[in-house]
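Enquirer: Sequence first, predicted model second:
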Amino acid sequence: MNNIPSKSYGILQQKKTKSVINEIAEQVVNVGYSILDAGYTAAELQSLSEEFDQIHRRYVKTYGESNLRNANEFHTIRSPLTQGKPFLDLALNEKLLSLIKKLIPGKFILNQQNGITNPPQEAYNQDAWHRDLPYQHFVSTKPLAVNALFCLDDFTYENGATFVLPASHKSEAFPSERYILNNAIQVEARAGSFIVLDCMMFHAGGYNKTKSARRAVNHLFNIPYFKQQINIPKNMESADLSDEAKDVLGFNYMEPASVSEYLSKRAGKAL
Ligand SMILES: O=C(O)CCC(=O)C(=O)O
């Protein structure tokens, strides 16, 4: 590409961004995806990577390989944050939460966290185009949910880095086959970054042509009106959590079991 022009004319309004986080948010809003460096050191990344493999081995032992394969779940770890503190810390990553706050107005909760392995030279359950609010065909002026795909390994063209259809969060329907061929792009990213997507943007994992797995941890954050994929508060001790962590993990948004419980939660609230 040649130099991008820096001059302009006939412009009455221009967005101003004062920080990297704002620039990333601007890109997610406009084209549906961007990349955020999570800020981990090489040693922290290495320990997260080892913890991922350990949890995966334990998970397969607990739930059984044939059961997981039968459910098309063998390459996924559901809710690793309920199984290891490093994944809880990942979901509450400060830089990530400050970005999510800019993208989702008001309150939001973590809907789900999933460890994902794109195995070498094999199909897996994320290699088909989808939205992360699947089966939904609407557009909203503000994101109702945002996903953050943490790259445990470098995402490269060869190992099947995620494909996206830029700006597809702004159209209700899945585009035509020809449009997909002309507009799909692959997002390369370094290990230690989050690929952040408007959840309504169509995306798919690519085919991993290499001999090593491409591992990731996906997070979906949404407005508190959508129920969690797996109830996080019921699977976690809250004693050591900060108020903000409890809020993000959904402790304050569990549905009351009865009218009395609803009324007691409302006690002292003006609105
Ligand atoms: O593995 C990937 O690159 C895509 C993951 C994905 O599509 C998802 O978690 O929703």
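Expert: Yep, that arrived.

Enquirer: Which parts of the stretch 51-200 of the chain are strands?
Expert: 76-78, 109-118, 145-151, 163-164, 185-186, 193-198 (DSSP state E, counting those that start in this stretch).

Enquirer: out of the ones you listed, which comes closest to Ser264?
Expert: Of all the strands of the stretch 51-200 of the chain, strand 109-118 sits nearest to Ser264, with 21.1 Å by C-beta to C-beta. For the C-beta atoms, the positions are set from N, CA and C on the backbone; glycine is no exception.

Enquirer: Which strands or helices does that closest one pack on?
Expert: Counting contacts by 3 or more C-beta pairs under 8 Å, 6 or more residues apart in numbering; DSSP states H and E, strand 109-118 packs against helix 42-63, strand 76-78, helix 85-91, strand 214-222, helix 243-249.

Enquirer: sorry, back to before: can you put the strands of the stretch 51-200 of the chain in TSV and add mean neighbour count and distance to the ligand?
Expert: Below are the strands of the stretch 51-200 of the chain laid out as TSV (neighbours: other C-beta atoms under 10 Å; distance: least, C-beta to the nearest ligand atom, whole Å):
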stretch	mean neighbour count	distance to the ligand
strand 76-78	19	9
strand 109-118	23	5
strand 145-151	25	6
strand 163-164	20	8
strand 185-186	14	9
strand 193-198	25	8
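
Enquirer: can I get those in JSON lines with distance to Ser171 and mean pLDDT?
Expert: JSON lines is the format used below for the strands of the stretch 51-200 of the chain (distance: least, C-beta to C-beta, whole Å; pLDDT from 0 to 100):
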{"stretch": "strand 76-78", "distance to Ser171": "28", "mean pLDDT": "97"}
{"stretch": "strand 109-118", "distance to Ser171": "23", "mean pLDDT": "97"}
{"stretch": "strand 145-151", "distance to Ser171": "17", "mean pLDDT": "97"}
{"stretch": "strand 163-164", "distance to Ser171": "14", "mean pLDDT": "98"}
{"stretch": "strand 185-186", "distance to Ser171": "16", "mean pLDDT": "98"}
{"stretch": "strand 193-198", "distance to Ser171": "12", "mean pLDDT": "98"}
